[in-house]
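> Sequence plus predicted model, see below.
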Amino acid sequence: MSTLSYVIAGSEATGGAGLQADLKTFEQLGVYGVGTITCIVSFDPKSDWGHRFVPIAGQVIADQIEAATSAHDLDVVKIGMLGTPETVATVAASLRQQSWRHVVVDPVLICKGQEPGAALDTDNALRTDILPLATVITPNLFEARTLAGMDSIDTVDDLSEAARRIADLGPRYVVVKGGAGLPGDDAVDVMFDGTEVTVLRAPKIGNERVSGAGCVFAAAITAELSKGASVLDAVTTAKKFAHDGIVGRLTTNAPFAAVGWQA
């Protein structure tokens, strides 16, 4: 019998991030992936590869979730990009209709195609409706600063402080990703479990961001949790998996590389 992982996230048309990257990650890690699309993001090559963002209607999202959860016994889910307050409310309501062993949240706070006011409304809805449901949340530096209300995050101690503050919003485990944005030779992440902080390090692979790395990291955590791993073991495996994907990154015609995949 196959192990199942579920993802509720946006579609990203280049294939390097979003639902496409999540489902590929699930497959690479040996779990059967089921996905629900919340929005469609297609970068515009005629306009400096800016975001074109199209939300999916709330009822259509709810219908997808109903079909997925009726067809399969799903108890571990990753939440990726939601994009609008309506989508946040729809997904939160659907999640509350059953119990979940783990909810992994990759808190995509702002899509560049949105107006600032709409983005703020989405951020606030995510805080209120989704974060309290989370087992694990995986913010990057920008997301962590926003959620923790900090002006800057420059050190490992800052990462730890941000993780503690975000835990107060409801998630049981907080993984703050320093990534390429934190000074030093290592890509440093910290995990706070409500009591202790664990520091995870890997050598930086250049200083440029790789499209989809955050999606892949959270999806790998989801896959490992589906297989029964502890949260710390899942995060440790996910960090190595994402690191290897960055080492093997795929060069594209867009101004960003994508996480690479083994054949």
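It's in.

> CA only for contacts and neighbour counts going forward, please
OK.

> Give the buried residues for the helix or strand harbouring Lys239.
Following DSSP states H and E, the helix or strand that holds Lys239 is helix 231-247. Judged by neighbour count (16 or more other C-alpha atoms under 10 Å), helix 231-247 contains these buried residues: 231-232, 234-239, 241-247.

> closest to Leu131 among those?
Closest approach to Leu131 among these (C-alpha to C-alpha): Val231, at 16.8 Å.

> which secondary element of this structure has the worst mean pLDDT?
For the chain, counting by mean pLDDT, DSSP states H and E, helix 116-125 ranks last in confidence among helices and strands (a mean of 75).

> model confidence over the following helix or strand past that one, on average?
Next along the chain after helix 116-125, taking DSSP H and E as the criterion, comes strand 136-137. Looking at strand 136-137 alone, the average pLDDT works out to 98.

> In its sheet, which strands sit next to strand 136-137, and in what direction?
Strand pairing for strand 136-137, determined by DSSP bridges: strand 102-105 (parallel), strand 173-177 (parallel).

> tell me the centre residue of the chain?
In the chain, the C-alpha closest to the average C-alpha coordinate belongs to Asp106, at a distance of 2.5 Å (C-alpha atoms, centre = their mean).

> ok now do that one, which residues does it touch?
Residues counted as contacts of Asp106 (C-alpha atoms under 8 Å, 6 or more residues apart in numbering) are Lys78, Ile79, Gly80, Met81, Ile137, Thr138, Pro139, Gly214, Cys215, Ala218.

> how close does the third one get to Trp261?
Distance, Gly80 to Trp261, by C-alpha to C-alpha, to the nearest Å: 20 Å.

> Going by residue numbers, what spans are strands in the stretch 151-263 of the chain?
Counting by DSSP state E, counting those that start in this stretch, the segments of the stretch 151-263 of the chain that form strands are 173-177, 186-192, 197-203.

> Output those strands in JSON lines; the columns should cover mean pLDDT and mean neighbour count.
Written out in JSON lines, the entries for these read as follows (pLDDT from 0 to 100; neighbours: other C-alpha atoms under 10 Å):
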{"stretch": "strand 173-177", "mean pLDDT": "98", "mean neighbour count": "28"}
{"stretch": "strand 186-192", "mean pLDDT": "96", "mean neighbour count": "23"}
{"stretch": "strand 197-203", "mean pLDDT": "95", "mean neighbour count": "15"}
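
> can those go into CSV with extra columns for distance to Glu161?
Formatted as CSV, these follow (distance: least, C-alpha to C-alpha, whole Å):
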stretch, distance to Glu161
strand 173-177, 10
strand 186-192, 9
strand 197-203, 10
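
> Quick check: which of those is nearest to Arg101?
The minimum distance between Arg101 and the strands of the stretch 151-263 of the chain falls on strand 173-177, with 13.5 Å, by C-alpha to C-alpha.

> what's the angle from that closest one to helix 231-247?
An angle of 20 degrees separates the directions of strand 173-177 and helix 231-247 when computed by axes from the mean of the first three to the mean of the last three C-alpha atoms, to 10 degrees.
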